[in-house]
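1. here are the coordinates; sequence isn't available:
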Ligand SMILES: NC(=O)C1=CN([C@@H]2O[C@H](COP(=O)(O)OP(=O)(O)OC[C@H]3O[C@@H](n4cnc5c(N)ncnc54)[C@H](OP(=O)(O)O)[C@@H]3O)[C@@H](O)[C@H]2O)[C@@H](O)CC1
Ligand SMILES: Nc1ncnc2c1ncn2[C@@H]1O[C@H](COP(=O)(O)OP(=O)(O)O)[C@@H](O)[C@H]1O
Ligand SMILES: [K+]
C-alpha cells in the first residue's frame, strides 16, 4: 500500500470528487458512515458521547457522524469550536442537517465559554482538526485539547488526533495534541502514526476505506509504502518441483562468541527455516558442540580462535554471507571483519548487531560493502552508525539518506520497521507485536534475511519479505500464547506457519 503526505491526500480527495464523480458532501457522508459503523460496533447502546467539532471538513465528518448516530443513540452532545471564522461549506451543510434533525444539543465554545463538562465514562469524538492542520495548536484550540486530555474519557479521533501533523512533528507542542485511545483514519495510515514518539497520540489506529479513486492513488508518486499481505505475497517465490538443496543457495553465517553462542543458534534456525538449501555457520571453537547439538541441520565451520571470530573461511562456495549476531567487538574480530571486506567479495551480505557496531567504529569500511548489502540496526545501533537524533521523523530522513548515499538496504528495526532502500523508497512493515521486544528476535531476523539472500532474492525484496514474515511468525506465535512469554525461538517455530499463511492469502 502506498502512503502519502496529508497534502497529497487532499489532492487524491479532489481527484475523487471530480472523477468518480461524487460531491464533497457525499464523500463526507461516505467517510462519516465508516466512522458510525465502527462506533456502533464498539460502543454500548447507552454510551454518552461528546463530539468536538472544528472549522474544517474534519469537523464536517464529526457533524455527519453525530447525525447518523443520533438515530441510534440518545446521549449525544455536540460542541463546536468557535474561532470567529466561517466553517467549510460541507461542515456548514452538515451543521444545518444536524439542526434540522433536532435530536442533538449543539453548543459553541469560544474564548469566553467555560470548558464543557466531560465525564471519565464519556466517549469524546475528536473532530477538531484533521489533515488540514497547518500549524501547532495554540490559544483556544490548545485549551480544548488539554481539557479533553485531562478528562479521562475514552477518545476516538477522526482521521488524525487533533494537533498531530501527518508527517513532521519536530516543531509541534506535544501538550497541545489529542491523546486518543483509537484513531479512525481514512484510507491510509499517516506517516506520523508509524513513528514511536506519536504512539501516545494515536492510540491504536484503524484504517477506514472510503473508496478514494484508485487512479489517483496509482498516479500520485510517493517514496513511502506499507508492506501488507498483498505486497509480501507478490515477492514470495514458489519452490520448483525439481528444486534441490544445491540450487536453493548456500548461506554462510558468521556469528557467536564466548557467552553469546545462543545468537548463532537462533540466527541459524531463522536461516534454515526460511527455505535455504544449505547453511554453514562459522563459530569459534567453543561453539562447535553447542552448534552441532542444537541445530544438526547446519554445517559448522570452526574459527582458529577458541573464543571469537578472527578469520573467515574460503568464501567461494557461498551465495550470501551474514555476519554479526553475538560476534562481540574485540580487536581480533574487527581485524577479521576488515580482512573479509577487503576481499572485495561480490556476495550479498546482511550485517547485524556487533557487525554494525564494528562498522560504526570504522566508517571507512562502508565503501567496502558489496552491492546487495542489508544492514539491520535498531535505533541505538543506527545512532552509532550515524549520530543521535531527537525524534523518529529525523531518524527516518537520516535512514533514507544513509541508504541512498551508501547504496545499502537499511532495515531500521522497531514496531513499524522501516526499510530504506538505495532507490529512495521506504517500506514500513505491518506485522509484528511488542512481544518481539525480547532477546534474540533480531538474531532470528538476520538468519531469515540471510536465507532469502542466499536463495537469490534481491536485497530489497529479501528485506521487505523477510521482515514481514518475521513479524507474522511472531503474531502467529502470540495467538497461541502471549506477548509476555514470547521467546525468539517461538518466532522460528512459527515461520513455517507464516509462509503457509502468506501463500494462502
Ligand atoms: N481527504 C480525504 O480523503 C477526506 C477528508 N475528509 C476529512 O477532511 C479533513 C480535512 O479537512 P480540511 O482540509 O478542511 O482540514 P481540517 O483539518 O478539518 O481543518 C482545517 C481548518 O482548520 C484551520 N486550522 C488549521 N490549523 C489550525 C490551527 N493550528 N489553529 C487553528 N485553526 C487551524 C484551517 O484554517 P487556516 O489554516 O486557514 O487558519 C481550516 O479552517 C480530513 O482530516 C478528514 O477528516 C473527509 O470528509 C472526506 C475524505
Ligand atoms: N514493539 C514491537 N513491535 C513489533 N516488533 C518489534 C517490537 N519491538 C521489537 N520488535 C522487533 O523485534 C526485533 C528486535 O531486534 P533487536 O532489537 O535487534 O533484538 P535482539 O538484539 O535482542 O535480537 C526487530 O525485528 C524489531 O522490529
Ligand atoms: K481529529
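-> Received, thanks. This one's a predicted model, so the numbers in the text were calculated from it and none came from an experiment. Ligands and ions are numbered 1, 2, ... in the order given.

2. per-residue confidence at residue 239?
-> For residue 239, the model assigns a pLDDT of 89.

3. who are the contact partners of the closest residue to it other than its chain neighbours?
-> Among residues not flanking residue 239 along the chain, residue 275 sits closest, at 7.1 Å (Cβ to Cβ, 6 or more residues apart in numbering). The C-beta positions use only the backbone N, C-alpha and C, and glycine is treated the same way. Going by Cβ atoms under 8 Å, 6 or more residues apart in numbering, residue 275 touches 239, 248, 451-452, 455, 499.

4. nearest to residue 230 among the residues you listed?
-> residue 499 (16.1 Å; Cβ to Cβ).

5. quick check: buried residues in the one helix or strand residue 100 maps to?
-> With the criterion set as DSSP states H and E, the secondary-structure element containing residue 100 is helix 89-101. Using 16 or more other Cβ atoms under 10 Å as the burial criterion, the residues of helix 89-101 that qualify are 90-91, 93-95, 97-98.

6. okay if I get those residues as JSON lines plus distance to ligand 1?
-> Putting the buried residues of helix 89-101 into JSON lines (distance: Cβ to the nearest ligand atom, whole Å) gives the following:
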{"residue": "90", "distance to ligand 1": "7"}
{"residue": "91", "distance to ligand 1": "8"}
{"residue": "93", "distance to ligand 1": "12"}
{"residue": "94", "distance to ligand 1": "10"}
{"residue": "95", "distance to ligand 1": "14"}
{"residue": "97", "distance to ligand 1": "14"}
{"residue": "98", "distance to ligand 1": "15"}
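
7. chain center to the helix holding residue 100, what's the gap?
-> Its chain's average C-alpha position is 38 Å from that of helix 89-101, according to Cα atoms, centre = their mean, to the nearest Å.

8. swap in stretch 314-325?
-> Using Cα atoms, centre = their mean, the distance between the centre of stretch 314-325 and that of its chain works out at 29 Å.

9. how about the residues of the stretch 351-500 of the chain by ligand 2?
-> 353, 378, 413-415, 417, 432-434, 436-437, 439-443, 445, 470 (Cβ under 6 Å from any ligand atom).

10. what about those residues, which are in helices?
-> Secondary structure assignment by DSSP state H places 353, 441-443, 445, 470 of these in helices.

11. just those residues now: which is nearest residue 58?
-> Proximity of these to residue 58 was ranked by Cβ to Cβ; the top entry is residue 470 with 36.3 Å.

12. and the helix holding residue 100, what does it pack onto?
-> For helix 89-101, the packing partners by 3 or more Cβ pairs under 8 Å, 6 or more residues apart in numbering; DSSP states H and E come out as helix 24-42, helix 57-70, strand 105-109.

13. report the mean confidence score over the following helix or strand past the second one.
-> For helix 57-70, the following helix or strand on the C-terminal side (DSSP H and E) is strand 76-81. The pLDDT scores in strand 76-81 average 98.

14. name the residues that touch strand 76-81?
-> 48-55, 59, 62-63, 66, 69-70, 87, 95, 98, 103-109, 116, 128, 140-141, 144.

15. and these, which of them are buried?
-> Using 16+ other Cβ under 10 Å as the threshold, 48-55, 59, 62-63, 66, 69-70, 87, 95, 98, 104, 106, 109, 128, 140-141, 144 are the buried ones among the contacts of strand 76-81.

16. leaving out sequence neighbours, find the closest residue to the residue in the stretch 351-500 of the chain that ligand 1 sits nearest to.
-> For the stretch 351-500 of the chain, the residue positioned closest to ligand 1 under Cβ to the nearest ligand atom is residue 393, at a distance of 18.4 Å. On the basis of Cβ to Cβ, 6+ apart, the spatially nearest residue to residue 393 that is not a chain neighbour turns out to be residue 168, at 5.0 Å.

17. so that neighbour: helix, strand or coil?
-> coil (DSSP: H, G, I helix; E, B strand; the rest coil).

18. and the gap between it and residue 441?
-> Residue 168 sits 30 Å away from residue 441, going by Cβ to Cβ, to the nearest Å.

19. point out the residues in the protein that sit beside ligand 3.
-> Near ligand 3, the residues belonging to the chain are 58, 126, 130, 157-158, 162 when assessed by Cβ under 5 Å from the ion.

20. distance to ligand 2, pLDDT and neighbour count added to those residues, as JSON lines?
-> Shown next, in JSON lines, are those (distance: Cβ to the nearest ligand atom, whole Å; pLDDT from 0 to 100; neighbours: other Cβ atoms under 10 Å):
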{"residue": "58", "distance to ligand 2": "29", "pLDDT": "98", "neighbour count": "26"}
{"residue": "126", "distance to ligand 2": "25", "pLDDT": "98", "neighbour count": "30"}
{"residue": "130", "distance to ligand 2": "27", "pLDDT": "98", "neighbour count": "28"}
{"residue": "157", "distance to ligand 2": "21", "pLDDT": "98", "neighbour count": "30"}
{"residue": "158", "distance to ligand 2": "26", "pLDDT": "98", "neighbour count": "32"}
{"residue": "162", "distance to ligand 2": "26", "pLDDT": "98", "neighbour count": "30"}
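
21. just those residues: which are in helices?
-> Assignment to helices by DSSP H places the following of the residues of the chain next to ligand 3 there: residue 58.

22. which of the residues of the chain next to ligand 3 fall in strands?
-> When these are checked against strands (DSSP state E), the matches are 126, 157-158.

23. on that earlier part again, which of the residues of the chain next to ligand 3 lies closest to residue 490?
-> Each of the residues of the chain next to ligand 3 was checked against residue 490 using Cβ to Cβ; the closest is residue 157, at 34.0 Å.

24. so who does the closest one touch?
-> With Cβ under 8 Å, 6+ apart as the criterion, the residues that contact residue 157 are 126, 178, 180, 182-184, 202-203.

25. okay if I get those as TSV plus secondary structure?
-> Formatted as TSV, the contacts of residue 157 follow (three-state DSSP):
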residue	secondary structure
126	strand
178	coil
180	coil
182	strand
183	strand
184	strand
202	helix
203	coil
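
26. how is this structure divided into domains?
-> Residue ranges for each domain of the chain read 2-221, 230-504, as given by automatic domain parsing.

27. most tightly surrounded among those?
-> Sort those by mean neighbour count, taking mean count of other Cβ atoms under 10 Å, and domain 230-504 sits at the top with a mean of 20.

28. just flag the most distant two among the contacts of residue 157.
-> Farthest pair in the contacts of residue 157 (Cβ to Cβ) is 178 and 184. Separation: 12.8 Å.

29. how far is stretch 167-179 from where the chain is centred?
-> Averaged over its C-alpha atoms, stretch 167-179 has a centre that lies 19 Å from its chain's centre (Cα atoms, centre = their mean).

30. I misspoke; the intended subject was stretch 136-155.
-> 27 Å.

31. do it and ligand 1 meet at all?
-> Yes - with Cβ under 6 Å from any ligand atom as the criterion, ligand 1 is reached by stretch 136-155 at 137, 141.

32. what does that stretch rub up against?
-> The set of residues that contact stretch 136-155 without belonging to it, under Cβ under 8 Å, 6+ apart, is 50, 52, 54, 81, 83, 109-111, 115-116, 118-124, 126, 128-129, 161-163, 171-173, 175-182, 203.

33. so residue 435 touches residue 482, yeah?
-> Yes - applying Cβ atoms under 8 Å as the test, residue 435 and residue 482 come out as touching, 7.2 Å apart.

34. ok so, going back, report the inter-axis angle for the helix holding residue 100 versus strand 76-81.
-> Helix 89-101 and strand 76-81 meet at an angle of 140 degrees, taking axes from the mean of the first three to the mean of the last three Cα atoms, to 10 degrees as the criterion.

35. give me the contact list for helix 89-101.
-> Helix 89-101 is contacted by residues 24-25, 28, 53, 55-57, 59-60, 63-64, 66-67, 70, 78, 80, 86-87, 104, 106 when judged by Cβ under 8 Å, 6+ apart.

36. repeat for stretch 62-75
-> When contacts are taken as Cβ under 8 Å, 6+ apart, the neighbours of stretch 62-75 outside the stretch itself are 28-29, 31-33, 35-36, 39-40, 43, 45-49, 51-54, 76, 78, 91, 94-95, 97-98, 101, 103-104, 125-127, 158.
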